[in-house]
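**Student:** structure for the following, please:
(2 chains)
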Amino acid sequence: MPSLIDLRRRIRAVKSTQQITKAMKTVAASRLRRAQDRIVGARPFAKLMGRVLNDLAERVDTAAHPLLAPPVAPDAPALVFVVTADKGLCGSFNANILRRAAGFVGDADRPVVMGLVGRKGRDFFVRRGFDVRFELVNIFNDLRYSHAQAVAHAAIEEYTGGAASRVDVIYNEFKSVIQQPVVVEQLLPIPRIDYADGDPEAGVTSEFLFEPAPGEIFRGLLPRHVETQIFRALLESAAAEHAARMTAMDAATRNADEMIDGLTLYMNKVRQATITRELIEVVSGAEAL
Amino acid sequence: MALPSHLTLEIVTPDRPLAVETVDEVEIPGAEGYLGVLPGHTPLLVALQVGALRYRKGDKETFLSVAFGFAEVTPDRVRILADTAERAEEIDIRRAEAAVERAREQLARAVDVDFERARLALLKSMARLQVASRARVRGSAGL
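**Tutor:** Next up, the predicted model:
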């Protein structure tokens, strides 16, 4: 039987752990609110960008730009960007995405090289000796558009330079606080996006005027589109990470509560047993006299 | 096909959506000069410059400062995808004035990259000031 002192010590230890998980939950909740505002603000731009591009793709020769055209080197490996968190303690957030990414590599019809965003993914794939073409860590504390630009730049460089035959991105999408599904999206060549709500204008083909010339507009618009998609993916991941951490820390806090209850009950039983035993000893000692 | 009587205007930046409105007229700072858009305009895709965007709904005019990005115009719709955009009432005039001052200073001694950055900063700040002052003039005239 453990001594009372040991039990008290354990209860105290669990309590202080619980304080930490509770604090982490609160911090995650407030960060989540900010991250959620950002992703909700960024979605319309990404969506509108996709629509404008769709409108254009119908009216312009899509082979005109290398980001829309089939790869320069069809035999080159596929490049996949995996967006993970920089930190752990967020439940199965990182494990889910790493499992999915590993599955993607296993299922691919060609060799896969990695582009890694977030420390957890970097550590995972670097340790396993993957061919890492790009890495970016420690960005989620202060996520900026320029981070997305850096990723987009690397993606475009690899694709147009013939070092990659396609580019995908894997990230956690922020659906809700309890739902963060892992999604895989093709980045390059830029796919045609179908909008379920159906643009009534979609069938109309009329001549577009361009100012300046179409080539120049495309040169500006397409890389911007890639940046926007990546920026959205990063923001989704950031919001999903905070949501996952909040849920995980909430569960941890509740578990600690249960543990404390169990330990307290056990401690009281032990105390009772000790008192009873001592009483018996006293009584039987008195009887013996 | 009948001409549409209104335009649906959507303004978004990478950070946030700014407006979805039904309007009568839009004036866009295009790469090759300002252009006015009325309902029924020819489909057009235009790169944006740094400048003032104005739109009118009935008698009410609204001003925004925008910088770079694209605008897609179709007969009944205008979509503005700007890198940055601010409503006139959001612009901090004192900050913009300070930025103009700073950019001018940097322009005086900068070279190459710094020069270009300072030039853009100057343009943006001046566009902001212009938007803010125009909006205020219209606002007080209406009283």
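**Student:** wasn't A:Ala76 part of a strand?
**Tutor:** No. A:Ala76 is assigned coil when assessed by DSSP: H, G, I helix; E, B strand; the rest coil, not a strand.
**Student:** I figured it hits A:Thr160, correct?
**Tutor:** No. Under the criterion of CB atoms under 8 Å, A:Ala76 makes no contact with A:Thr160, lying 11.3 Å away. The way it works is simple: take the backbone N, C-alpha and C, and place the C-beta from them, glycine included.
**Student:** neighbour count winner among those two?
**Tutor:** Applying other CB atoms under 10 Å in any protein chain shown to A:Ala76 and A:Thr160 shows that A:Ala76 carries more neighbours, namely 19 against 16.
**Student:** contact partners for that one?
**Tutor:** With contacts defined as CB atoms under 8 Å, 6 or more residues apart in numbering or on different chains, A:Ala76 is in contact with A:Gly162, A:Ala163, A:Ala164, A:Ser165.
**Student:** and the gap between it and A:Leu289?
**Tutor:** Separation of A:Ala76 from A:Leu289 (CB to CB, to the nearest Å) stands at 96 Å.
**Student:** what does B:Leu9 give?
**Tutor:** If you measure B:Leu9 against A:Leu289 using CB to CB, the figure is 102 Å.
**Student:** which one of the two is surrounded by more residues?
**Tutor:** Here B:Leu9 and A:Leu289 are set side by side on neighbour count (other CB under 10 Å), and the busier one is B:Leu9, at 24 against 4.
**Student:** for the more buried one, helix, strand, or coil?
**Tutor:** The local conformation at B:Leu9, judged by three-state DSSP, is strand.
**Student:** list the contacts of it.
**Tutor:** With CB under 8 Å, 6+ apart as the criterion, the residues that contact B:Leu9 are B:Ala19, B:Val20, B:Glu21, B:Thr22, B:Val23, B:Val26, B:Tyr55, B:Arg77, B:Val78, B:Ile80.
**Student:** so which of the residues you listed are also by chain A?
**Tutor:** Residues shared between the contacts of B:Leu9 and the neighbourhood of chain A are B:Arg77 [CB under 8 Å from any CB of the partner chain].
**Student:** among the contacts of B:Leu9, which ones are in helices?
**Tutor:** When the contacts of B:Leu9 are checked against helices (DSSP state H), there are no matches.
**Student:** and stretch A:52-59, how far from the chain's centre?
**Tutor:** Averaging C-alpha positions (CA atoms, centre = their mean, to the nearest Å) puts stretch A:52-59 30 Å from its chain's average.
**Student:** for it, what is the average pLDDT?
**Tutor:** When pLDDT is averaged along stretch A:52-59, the result is 73.
**Student:** how about that stretch, does it reach chain B?
**Tutor:** Yes. Residues of stretch A:52-59 are located near chain B by CB under 8 Å from any CB, namely A:Val52, A:Asp55, A:Leu56.
**Student:** buried stuff in that stretch?
**Tutor:** When burial is assessed from 16 or more other CB atoms under 10 Å in any protein chain shown, stretch A:52-59 yields the following buried residues: A:Val52, A:Leu53, A:Asp55, A:Leu56.
**Student:** again with stretch A:270-283
**Tutor:** Of the residues in stretch A:270-283, those buried by neighbour count under the rule 16+ other CB under 10 Å are A:Val270.
**Student:** rounded mean pLDDT for that stretch, please.
**Tutor:** Per-residue pLDDT values over stretch A:270-283 give a mean of 93.
**Student:** buried set for stretch A:175-187?
**Tutor:** For stretch A:175-187, the buried set under the neighbour-count rule, 16+ other CB under 10 Å, comprises A:Val177, A:Gln180, A:Val182, A:Glu185, A:Leu187.
**Student:** please name the residues that touch the fourth one.
**Tutor:** Meaning A:Glu185. Taking CB under 8 Å, 6+ apart, we find A:Glu185 in contact with A:Asp168, A:Val169, A:Ile170, A:Tyr171, A:Gln229, A:Ala233.
**Student:** and the residue of the stretch 1-150 of chain A found nearest chain B, how many residues sit next to it?
**Tutor:** Across the stretch 1-150 of chain A, the shortest distance to chain B (CB to the nearest CB) belongs to A:Gly41, at 3.6 Å. Here the number of neighbours of A:Gly41 (other CB under 10 Å) works out to 17.
**Student:** what are the pairing partners of the lowest-mean-pLDDT helix or strand in chain A, and which direction each?
**Tutor:** Comparing helices and strands within chain A by mean pLDDT, DSSP states H and E singles out strand A:209-211 as the least confident, with a mean of 79. Looking at strand A:209-211 with DSSP bridges, its paired strands and their directions are strand B:44-47 (parallel).
**Student:** excluding its backbone neighbours, what's nearest B:Ala121?
**Tutor:** The shortest distance from B:Ala121 to any residue other than its chain neighbours is 4.3 Å, reached at B:Ala103 (CB to CB, 6 or more residues apart in numbering or on different chains).
**Student:** how close does the nearest residue to A:Leu187 once chain neighbours are set aside sit to chain B?
**Tutor:** Leaving aside its chain neighbours, A:Leu187 sits nearest to A:Val167 (4.4 Å; criterion: CB to CB, 6+ apart). Counting by CB to the nearest CB, to the nearest Å, the gap between A:Val167 and chain B amounts to 20 Å.
**Student:** what residues does chain A put near chain B?
**Tutor:** Counting by CB under 8 Å from any CB, chain A comes close to chain B at A:38, A:41-42, A:44-45, A:48-49, A:51-52, A:55-56, A:145, A:201, A:206-212, A:214, A:216-217, A:220-221, A:224, A:228, A:231.
**Student:** alright, calling it a day.
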